[in-house]
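> This is the structure alone, sequence omitted:
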């Protein structure tokens, strides 16, 4: 799908720095950016607080205006502006999510002078609680779903490693995890109700 006339005019107005152009741009694409943020976080099983979503949204729009709208100036109009912005937003969001996930992981581990790493007591307790909770909820799953959840969440295996271990196609691991997580959520909700 090529660039629409509405988007072409909006793009030109932004690049020419016309009054209210940037506000119109943000209004038009805020929903798309938020969708990309939610989808990217969900695909990586990362829970985001509302302020995290806002920060990620701001990062995406900062990337768009960086260096005098360099991202928009590189746009060639061979696809829709929405498609182009989806790719840009996804790159920014995934980069930020991975950076924050690594920082969070590093924050729970300290290195002693002896070179031995020690997990903080709170992080260890959380991990044990979460592991116990996952183990309890795994009882409600059957066969391959339980195996996939165990390999991913408890053993920390990648989709490729899970595929090798189970013989399941790699592109089926994510949907299987999603279905299993939904069953576990329902079972967890029933247990607390």
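That came through fine. Model, not experiment: these values are computed from the prediction. Residues are numbered from 1 along each chain as shown.
> Give me the buried positions along stretch 157-177.
157, 159, 162-163, 166, 168, 173, 176-177 (16 or more other Cβ atoms under 10 Å). (Glycine included, C-beta is placed from N, CA and C.)
> from those, which two are the most distant?
157 and 176 (13.0 Å; Cβ to Cβ).
> burial count for residue 178?
Per other Cβ atoms under 10 Å, the neighbour tally for residue 178 reads 13.
> which other helices and strands contact the helix or strand containing it?
Assigned by DSSP states H and E, residue 178 belongs to helix 170-192. In terms of contacts (3 or more Cβ pairs under 8 Å, 6 or more residues apart in numbering; DSSP states H and E), helix 170-192 is packed against helix 121-138, helix 143-149, helix 159-166.
> Off-centre distance for it?
The chain centroid and the centroid of helix 170-192 are separated by 17 Å under Cα atoms, centre = their mean, to the nearest Å.
> now the angle between helix 159-166 and that helix, please.
90 degrees (axes from the mean of the first three to the mean of the last three Cα atoms, to 10 degrees).
> Okay, now the unreliable bits of this structure?
For the chain, the stretches flagged by pLDDT under 70 are 1, 101-136, 188-193.
> what residues go with each domain of it?
With domains defined by automatic domain parsing, the chain comprises 5-107, 118-192.
> which residues does residue 4 contact?
Residues near residue 4 by Cβ atoms under 8 Å, 6 or more residues apart in numbering: 80-81.
> Tell me how far it lies from residue 27.
16 Å (Cβ to Cβ, to the nearest Å).
> can you point me to the longest helix in the chain?
helix 81-107 (DSSP state H).
> Now do the contacts for residue 141.
Residue 141 is in contact with 149, 180, 183-184, counting by Cβ under 8 Å, 6+ apart.
> Let me see the contact set for the spatially most central residue of the chain.
The residue lying closest to the centre of the chain (Cα atoms, centre = their mean) is residue 41, at 2.2 Å. By Cβ under 8 Å, 6+ apart, the residues touching residue 41 are 47-48, 93, 97.
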